[in-house]
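Novice: Test case, fold it:
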Amino acid sequence: MDRYTLTLATQPQAMSKTISNTALAKEEINGNGHADGVSPGRKRLPVLKTYKIYIGGKFPRTESGRYYQPGDGAGRPLANVCLSSRKDVREGVVAARKTFGDWGHRTAFNRGQVLYRIGEMLEGRSAQFIHELMLHGASRVQAEAEVAAAIDRWIYYAGWCDKYQAVFSSVNPVNCSHFNFSVLEPTGVVGLAMPTEGGLLGLVSLVAPVIAGGNTCVVLAAENKPLPAVSFTEVLATSDLPGGVVNLLTGRRKELLRPLATHMDVNAIVCAQPAPEEQISLDTEAAANMKRVVVPKVKDWASAEGQSPYFILDTQEVKTTWHPIERGQGAGGGY
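Specialist: Below is the predicted model of the structure:
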């Protein structure tokens, strides 16, 4: 057999191996013969959702370009979550101040309607919140109880929107010819730092009384359990709530709390469970523009102490008016 004949004899075998390898590669790619679309011995990499921040009714990515991956109970990453920066804090405050004029001057009845609509939407997406709380380590029973309590609490504050003024305003007796009365007004832009244990109930318990009173807010979500907080903003974005009333930032509390406390256009800070060094920093930095610092004395947000109309008063200012009246002195009477 000459050299030319030997070459022709070996070509079909080589072509056969090439076709066989190509077919195998296509089978692995297309998943033919495998229910999960992955060839035996290979583990599929999940596509993690990227959760963005919420500012002015929109979902931008953080200016820093950074992110982190919170884990479940077993340490597996759950999602890509933005690590917000000082600039994100500033943009959140700008959006909150821009919307305050509209939201703060709406009627109390209208604010109650908007909040009640949000409660309806929370009820419709309760299964999603239960799932996310379970991803963060809660049992199904615990997650269902927390979601139900959060929805009920939101409706509770929706009902107080047009009632707290009647309960807490007053007509004051004075020893002169004046009609003296005190009414409540929203303080303005409020910074909120969520409880460290995160979850949905703590978020609702802080946000609801602030916006029920006509304020706008910039919220720092819990670092270890951010998923329910970001999903909550997806509810707000599709509700009747104006963009900018609630602005939510994810990331590290130690990086964001001080820029929020030192911002001169923030009127009050509500910080749940601050560490001793955080409390000292808040008291010091807030003195620059005399912003109010509120630390709720609540140990268990699931208990009855976690809701009260007095939480609305924490971010209200008292406006007292002296109005002259005419005494009944007959002819020639005057003020």
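Novice: I'd like to know how many residues surround the residue nearest to T233 when sequence neighbours are not counted.
Specialist: Computed as Cβ to Cβ, 6 or more residues apart in numbering, the closest residue to T233 that is not its neighbour in sequence is Y54, at 3.8 Å. No exception for glycine: its C-beta is placed from N, CA and C like everyone else's. Using other Cβ atoms under 10 Å, Y54 has 27 neighbouring residues.
Novice: Can you tell me how far Y54 is from V245?
Specialist: Applying Cβ to Cβ, to the nearest Å, the value for Y54 to V245 is 11 Å.
Novice: Need the residues touching each of these two.
Specialist: Counting by Cβ atoms under 8 Å, 6 or more residues apart in numbering, the common neighbours of Y54 and V245 are L236.
Novice: Pass me the low-pLDDT residue ranges in this protein, would you?
Specialist: For the chain, the stretches with pLDDT under 70 are 1-41, 198, 327-335.
Novice: those helices in the stretch 1-150 of the chain, which residues are they?
Specialist: Counting by DSSP state H, counting those that start in this stretch, the stretch 1-150 of the chain has helices at residues 3-30, 86-104, 108-124, 126-135, 140-160.
Novice: repeat for the stretch 201-335 of the chain
Specialist: With DSSP H, counting those that start in this stretch as the criterion, the stretch 201-335 of the chain has helices at 227-237, 253-262, 276-285, 310-313.
Novice: Report all helices and strands that the last one contacts.
Specialist: Taking 3 or more Cβ pairs under 8 Å, 6 or more residues apart in numbering; DSSP states H and E as contact, the helices and strands that helix 310-313 lies on are helix 164-168, helix 200-212.
Novice: Now the element after the first one, going C-ward?
Specialist: Secondary structure here is assigned by DSSP states H and E; on that basis, the next helix or strand after helix 164-168 toward the C-terminus is strand 170-172.
Novice: chain center to that following strand, what's the gap?
Specialist: Taking Cα atoms, centre = their mean, to the nearest Å, one finds strand 170-172 lying 37 Å from the centre of the chain it belongs to.
Novice: what does it rub up against?
Specialist: By Cβ under 8 Å, 6+ apart, strand 170-172 touches 179-182, 320.
Novice: again with stretch 268-279
Specialist: Applying Cβ under 8 Å, 6+ apart, the contact partners of stretch 268-279 are 187-196, 202, 206, 210, 215, 253, 257, 260-261, 282, 286, 291-296, 298, 314-315.
Novice: What about the residues you listed, which are in strands?
Specialist: With strands taken from DSSP state E, the overlap with those comprises 189-193, 292-294.
Novice: Now that we have those residues, can you turn them into TSV and tack on distance to C82 and neighbour count?
Specialist: As requested, these are exported to TSV (distance: Cβ to Cβ, whole Å; neighbours: other Cβ atoms under 10 Å):
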residue	distance to C82	neighbour count
V189	21	28
V190	22	29
G191	18	29
L192	17	25
A193	17	25
R292	28	16
V293	26	17
V294	26	18
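Novice: which one of those residues sits closest to E234?
Specialist: L192 (18.2 Å; Cβ to Cβ).
Novice: Not counting residues beside it along the chain, what's closest to that closest one?
Specialist: Nearest residue to L192 in three dimensions, chain neighbours excluded: V219, at 4.6 Å (Cβ to Cβ, 6+ apart).
Novice: What about the one you found, how many residues nearby?
Specialist: V219: 26 neighbours (other Cβ under 10 Å).
Novice: Now do the contacts for it.
Specialist: V219 is in contact with 192, 194, 203, 206-207, 229, 246-249, counting by Cβ under 8 Å, 6+ apart.
Novice: go with 10 Å
Specialist: 54, 92, 96, 190-194, 203, 206-207, 210, 229, 232-233, 246-250, 260, 270 (Cβ atoms under 10 Å, 6 or more residues apart in numbering).
Novice: just the buried members of those?
Specialist: Buried members of the contacts of V219, counted by 16 or more other Cβ atoms under 10 Å: 54, 92, 96, 190-194, 203, 206-207, 210, 229, 232-233, 246-250, 260, 270.
Novice: follow-up on the earlier one: please name the bridge partners of the residue nearest to T233.
Specialist: Assessed by DSSP bridges, Y54 has beta-bridge partners L248.
Novice: I'd say it and T250 touch.
Specialist: Yes: between Y54 and T250 there is a contact under Cβ atoms under 10 Å: 9.1 Å.
Novice: Overlap of the contact sets of those two?
Specialist: Common contacts of Y54 and T250, defined by Cβ under 10 Å, 6+ apart, comprise 219, 221, 229-230, 233.
Novice: Redo those as CSV? Include distance to A148.
Specialist: Formatted as CSV, the shared contacts of Y54 and T250 follow (distance: Cβ to Cβ, whole Å):
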residue, distance to A148
V219, 22
A221, 21
A229, 18
V230, 21
T233, 20
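Novice: what's the distance between the closest residue to E285 other than its chain neighbours and I269?
Specialist: Nearest non-adjacent residue to E285, counting by Cβ to Cβ, 6+ apart: A261, 4.1 Å away. Separation of A261 from I269 (Cβ to Cβ): 6 Å.
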